[in-house]
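Student: just to be clear, the model below is a prediction. Sequence and coordinates:
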Amino acid sequence: MEREYSLEGVKLVVKEGDITAEEVDAIVNAANNHFWMGGGVAGAIKRRGGVEIEREAVSKGPVPVGEAVVTGAGRLKARYVIHAAVMGQDLATDGEKVRRAALSALKVARESGVKAIAFPALGCGVGGLPYGISVKEMLRALEEFIASGGELDEVRLVMYGEVAYREAAEAVEVYLSEKD
């Protein structure tokens, strides 16, 4: 399942799938601020891409929640993994932390020459944030990034499972309808 939209001239795709299989310049990891990669999206990235991704990320941390770092992507199809720290050791997050982490990930992407990027539902797994809040805050970050001169060709929101996909697509449609 997949739906395509446009936000400020950027192709925005919401799809159900496995983010580790995406063929984009970079995928975003929903990370803790120490960049340990245990469960959820982080665990899947480590299993498929290799432990060297975690080793490189950990060597760049810890960072304040809301920051992001870039590493190689190991065996993944993407060139980079951008680790967005949406939570600290307390594993708690909120919309503001997601927005800051997504914006940091986009800035790191720009510095790395990324034109196509895939995001998971930041803060929704371990962090327990509702999909609608996560998606709204990621879209706010994308608009802020574009307003500051950031350029991207494509942003994918890759949701794991049908429920996540449906809720994310609905959140995008509500967000875009409120802009009109």
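Tutor: Now that the structure is in, tell me what you want to look at.

Student: can you map out the helices along the protein?
Tutor: Applying DSSP state H to the chain gives helices spanning 40-49, 51-59, 95-111, 131-147, 162-179.

Student: any chance of those in JSON lines, plus mean pLDDT?
Tutor: Listed next are those as JSON lines, based on pLDDT from 0 to 100:
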{"stretch": "helix 40-49", "mean pLDDT": "96"}
{"stretch": "helix 51-59", "mean pLDDT": "98"}
{"stretch": "helix 95-111", "mean pLDDT": "98"}
{"stretch": "helix 131-147", "mean pLDDT": "98"}
{"stretch": "helix 162-179", "mean pLDDT": "96"}
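
Student: now the ones you listed in CSV, with mean neighbour count and distance to Glu16?
Tutor: Using the backbone N, CA and C atoms, a C-beta is placed for each residue, glycine as well. Formatted as CSV, the helices of the chain follow (neighbours: other CB atoms under 10 Å; distance: least, CB to CB, whole Å):
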stretch, mean neighbour count, distance to Glu16
helix 40-49, 20, 14
helix 51-59, 17, 24
helix 95-111, 22, 20
helix 131-147, 21, 12
helix 162-179, 16, 4
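
Student: and of those, who's closest to Leu12?
Tutor: Comparison of the helices of the chain against Leu12 by CB to CB identifies helix 162-179 as nearest, at 6.9 Å.

Student: who's His83 bridged to?
Tutor: The residues listed as beta-bridge partners of His83 by DSSP bridges are Asn29, Val69.

Student: ok, the most centrally placed residue in the chain - contacts?
Tutor: Centroid-nearest residue in the chain: Phe119, 2.9 Å away (criterion: CA atoms, centre = their mean). Phe119 sits next to Ile19, Ile27, Val28, Ala102, Ala105, Met138, Val155, Arg156, Leu157, Val158 when contact means CB atoms under 8 Å, 6 or more residues apart in numbering.

Student: tally of neighbours for the third one?
Tutor: What it means is Val28. 33 (other CB atoms under 10 Å).

Student: before we move on, the earlier item: tell me which of the helices of the chain lies nearest to Lys11.
Tutor: Of all the helices of the chain, helix 131-147 sits nearest to Lys11, with 11.5 Å by CB to CB.
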